[in-house]
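Participant: Whatever this is, show me its structure:
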Amino acid sequence: MIRSELIQKISDENPHLFRRDVERIVNTIFEEVIDAMARGDRVELRGFGAFSVKKRDSRTGRNPRTGESVDVEEKHVPFFKTGKLLRDRLNGDA
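Facilitator: Okay, here's the model as predicted:
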């Protein structure tokens, strides 16, 4: 599912809301999650999961094409851990 499909589904299930309002709400939620993660905060949505940022230290990597060693800089990557409800539903337990 892509963002526009999510907006359409929410709009269809809530005919009393205008599509532009639903779009603004969805965009605001995503922006708040992104902003919180950019600050280094953890975002937890109970039953769904938790978004956090993990730091990867600098290291020496290898160019797969040439085989030569290259320095890979330190970086921060997004990480998602599923919540119990989501995990149970995916495994058919709920």
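Participant: Count the neighbours of the nearest residue to residue 9 once chain neighbours are set aside for me.
Facilitator: With C-beta to C-beta, 6 or more residues apart in numbering as the criterion, residue 9 has its nearest non-adjacent residue at 7.8 Å, and that residue is residue 1. (Each C-beta comes from the backbone N, C-alpha and C, glycine too.) Residue 1 is flanked by 7 other residues according to other C-beta atoms under 10 Å.
Participant: where exactly do the strands run in the protein?
Facilitator: Listed in chain order, the strands of the chain (DSSP state E) span 43-45, 49-56, 59-62, 69-72, 75-82.
Participant: Please dump these into TSV; it should also carry distance to residue 91 and mean pLDDT for every row.
Facilitator: TSV is the format used below for the strands of the chain (distance: least, C-beta to C-beta, whole Å; pLDDT from 0 to 100):
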stretch	distance to residue 91	mean pLDDT
strand 43-45	19	96
strand 49-56	14	96
strand 59-62	35	95
strand 69-72	35	95
strand 75-82	10	96
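Participant: Switch those strands over to TSV, and while doing so, append mean neighbour count and distance to residue 89 to every line.
Facilitator: Formatted as TSV, these follow (neighbours: other C-beta atoms under 10 Å; distance: least, C-beta to C-beta, whole Å):
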stretch	mean neighbour count	distance to residue 89
strand 43-45	14	14
strand 49-56	14	12
strand 59-62	10	37
strand 69-72	10	37
strand 75-82	11	10
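Participant: okay if I get these as TSV plus distance to residue 19?
Facilitator: As requested, the strands of the chain are exported to TSV (distance: least, C-beta to C-beta, whole Å):
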stretch	distance to residue 19
strand 43-45	24
strand 49-56	26
strand 59-62	46
strand 69-72	44
strand 75-82	28
